[in-house]
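Trainee: Test case, fold it:
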Amino acid sequence: MELQQTACCCGGTDVPDEKLEKVKAAIESFKAMKGALIPVLHEVQDIYGYLPEDVLKVVSTELNIPMSEIFGVASFYHFFSLTPKGENIIRVCMGTACYIKGAQGLLDRLSTELNVAVQGTTADNKFTLEATRCLGACGLAPVLTIGEKVYGRLTPNDIPKILKEYN
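Mentor: Numbering: from 1, shown residues only. Reported below is the predicted structural model:
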């Protein structure tokens, strides 16, 4: 596999793309395994934060899997993302308990405060706002998570204080 080269910021010689080298190592470690595609896609997403199309082309070539199959798998599983995510992923539970207790108001307030559509990422790439199904904390409804941190029993007025923790 040929590594992409990037220009050095100081105008010097090109240096190898370290992320792509990690992808190459991941492909090599899973290549002989039946069903290697999903573990390789997990590695790519861990390295880049999403599944960049140019990297998926490398995966396609190296695993001899058509791009159509790779996109089919990547778009089928909710865990995978074909677009970049923000530094902090906010997930608002829209399951029944949370919805009944006001989750839509939380989602609306977050969208307004962050100036981003649901399922979108802020212009500064600091936050991605997602509406999700059950987060498994129904007793704390309504609930949202930011990364691994859980916030429960919320009202829309709690949103500015929570966001300040990340600024």
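
Trainee: show me where this protein has strands.
Mentor: 5-6, 15-16, 88-93, 127-132, 144-146, 149-151 (DSSP state E).

Trainee: Let's have those strands in JSON lines, adding mean neighbour count, distance to residue 108 and mean pLDDT.
Mentor: The way it works is simple: take the backbone N, C-alpha and C, and place the C-beta from them, glycine included. What follows is the strands of the chain, written out as JSON lines (neighbours: other C-beta atoms under 10 Å; distance: least, C-beta to C-beta, whole Å; pLDDT from 0 to 100):
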{"stretch": "strand 5-6", "mean neighbour count": "12", "distance to residue 108": "41", "mean pLDDT": "43"}
{"stretch": "strand 15-16", "mean neighbour count": "12", "distance to residue 108": "45", "mean pLDDT": "57"}
{"stretch": "strand 88-93", "mean neighbour count": "22", "distance to residue 108": "10", "mean pLDDT": "96"}
{"stretch": "strand 127-132", "mean neighbour count": "21", "distance to residue 108": "11", "mean pLDDT": "96"}
{"stretch": "strand 144-146", "mean neighbour count": "21", "distance to residue 108": "12", "mean pLDDT": "97"}
{"stretch": "strand 149-151", "mean neighbour count": "15", "distance to residue 108": "16", "mean pLDDT": "97"}
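
Trainee: can you list those strands in CSV and add distance to residue 56?
Mentor: Below are those laid out as CSV (distance: least, C-beta to C-beta, whole Å):
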stretch, distance to residue 56
strand 5-6, 19
strand 15-16, 19
strand 88-93, 21
strand 127-132, 20
strand 144-146, 28
strand 149-151, 31
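
Trainee: Mind checking those for the one nearest to residue 22?
Mentor: Each of those has some distance to residue 22 by C-beta to C-beta; the shortest is strand 15-16, at 10.8 Å.
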